[in-house]
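> When you get a sec, could you give me coordinates for this:
(one chain, ligands or ions: 1)
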Amino acid sequence: MTPAATARDMILTNAFPTPVSMPPPDPPRILVVEDEQDIAELIALHLSDLPARVTQAHDGAEGLRLARTGDFDAMVLDLRLPAIGGLDVCRELRAGGSPLPILMLTARNSELERVLGLELGADDYLAKPFGVLELQARVKALLRRAARQAAPVVAPPEPEELHMGPLHVDRARRRACVGDQELSLAPREFDLLWHFMRHPGRVFTRADLLADVWGYGHDGYDHTVNSHINRLRDKLGDRIGEERGSRFIHTVWGVGYRFEVRE
Ligand code: CA
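Predicted coordinates:
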């Protein structure tokens, strides 16, 4: 290739960049616990078509051990296993706090098994014998539900105004009143008050407040928070005597502050 051709290729390459495609997501990892090896093989085969990466365990103890590794996105669990049965595997996993989605395989016509399994924390069941398509559909539904549950919760929108006891704060107008008396707050004092009122009852350390109100990366110190809180308390008329303490901002000794309206 001549140098000119190389240069032209480069220009063309730059003019029409290859679209960057995202790598496909990793297929889900599924644990199949079934002592009958031919059935386990068959289930593994059909789940691999989803696609999924399938690991087999052929007794309850091995199933439990693998499930506890946290390496799986779902488990297909036969209830009829020798020694440690499927119901015990289910119970043990849930007792240990595992959220692993479980599709249990039950005997046909055993309502008791199904009910027990669901009570013990299985997410769904499939009665044997079952069709391939139904197995695939159930596992896909299980994975979808788990993905939805794991999705981040959308925060509710920030309110425009908050009322608590004699306090009324209007965020849009940046006005704060105690009763009918308007307070003259510095911007950071206002932000502190708003933050406290958004989270009544919650205990904040000074580091929490620095991060939440001043922002991460702020080169602040505990005394920055202390002095703002002291000024805010003065303006709120927060102290109601030695014995009764504060009306709004309460010191949690050795920890930080908590906001709560006390009349
Ligand atoms: Ca079995």
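> how about the residues of the stretch 51-200 of the chain near the ion?
For the stretch 51-200 of the chain, the contact set with the ion under Cβ under 5 Å from the ion comprises 78, 80. In this view, the C-beta of every residue, glycine as well, is placed from N, C-alpha and C.
> Which residue would be the closest one in the stretch 51-200 of the chain to the ion?
Arg80 (3.9 Å; Cβ to the ion).
> Helix, strand or coil: sort out that residue for me.
coil (DSSP: H, G, I helix; E, B strand; the rest coil).
> Leu162 versus that one, what's the distance?
57 Å (Cβ to Cβ, to the nearest Å).
> just the helices in the stretch 151-263 of the chain please.
In the stretch 151-263 of the chain, the segments counted as helices under DSSP state H, counting those that start in this stretch are 187-198, 206-209, 222-236.
> Ramachandran coordinates for the residue of the stretch 51-200 of the chain closest to the ion?
Here is the backbone geometry of Arg80 (degrees, to the nearest 10): phi -90, psi 90.
> Likewise for Asp124?
phi -160, psi 170.
> try the one 3 residues further on
In this entry, Ala127 is assigned phi and psi values of phi -90, psi 140 (degrees, to the nearest 10).
> circling back to that earlier point, so which of the helices of the stretch 151-263 of the chain is the most surrounded?
Mean neighbours per residue, mean count of other Cβ atoms under 10 Å, is largest over these for helix 187-198, with a mean of 19.
> Show me this structure divided up by domain.
Each domain of the chain is listed here as a residue range: 29-148, 161-259, per automatic domain parsing.
> Ends of the shortest one, what's the gap?
For domain 161-259, the first and last residues are 17 Å from each other (Cα to Cα, to the nearest Å).
> What is the least confident helix or strand in the protein?
The least trusted helix or strand in the chain, going by mean pLDDT, DSSP states H and E, turns out to be helix 3-15, with a mean of 49.
> how about stretch 29-46: buried residues?
By neighbour count on 16 or more other Cβ atoms under 10 Å, the buried set for stretch 29-46 is 30-35, 40, 43-44, 46.
> Between the two ends of it, what distance do you get?
Terminal-residue distance, stretch 29-46 (Cα to Cα): 13 Å.
> Which positions in the longest helix out of those in the chain come out as buried?
Using DSSP state H to define each element, the chain has its longest helix at helix 132-150. Neighbour counts over helix 132-150 (16+ other Cβ under 10 Å) mark 135, 138-139, 142-143, 146 as buried.
> No further queries at this time; thank you.
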